[in-house]
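> The amino acid sequence is not available; the structure is as follows:
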């Protein structure tokens, strides 16, 4: 079983709500999801404590399947349909707008 990895985006302090906020990405090997997280805390809370709280909240959301999240799709190489690559010069010549090499 792969270890769960957690990555926090820019952690900010929202003074209006008196909370630390971040977008937290949780990856457990089979899936990767992003969760918006916020913990109410005074501005004097240490950064380390705030990040631990945000990580704990994201893990709870990830394991229970509750809360708002977005799926992160892994990039797959695109498969071409066997067509030749696009050549703009050939395309313009086919339209009758090719470069006039014999211009005066």
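Now that the structure is in, tell me what you want to look at. These figures come from a predicted structure and were not determined experimentally.

> okay, CA-based contacts and neighbour counts for the rest of this
Will do.

> how many other residues sit next to residue 14?
For residue 14, the neighbour count with other C-alpha atoms under 10 Å is 15.

> Setting aside sequence neighbours, what's the nearest residue to it?
Closest residue in space to residue 14, ignoring its immediate chain neighbours: residue 20 at 6.1 Å, by C-alpha to C-alpha, 6 or more residues apart in numbering.

> For residue 12, give me the backbone phi and psi.
phi -120, psi 160 (degrees, to the nearest 10).

> tell me the centre residue of the chain?
Centroid-nearest residue in the chain: residue 72, 6.1 Å away (criterion: C-alpha atoms, centre = their mean).

> Give the other helices and strands that the longest helix seen in the chain contacts.
For the chain, the helix with the greatest residue count under DSSP state H is helix 47-64. When contacts are defined as 3 or more C-alpha pairs under 8 Å, 6 or more residues apart in numbering; DSSP states H and E, helix 47-64 sits against strand 5-8, strand 19-27, strand 32-40.

> List the contacts of that helix.
The contact list for helix 47-64 (C-alpha atoms under 8 Å, 6 or more residues apart in numbering) reads 6, 8, 11, 20-22, 24-26, 33, 35-39, 41, 67.

> The helix or strand following it pairs with which strands, and in what direction?
Downstream of helix 47-64, the first helix or strand assigned by DSSP states H and E is strand 70-71. The pairing partners recorded for strand 70-71 under DSSP bridges are strand 32-40 (antiparallel).
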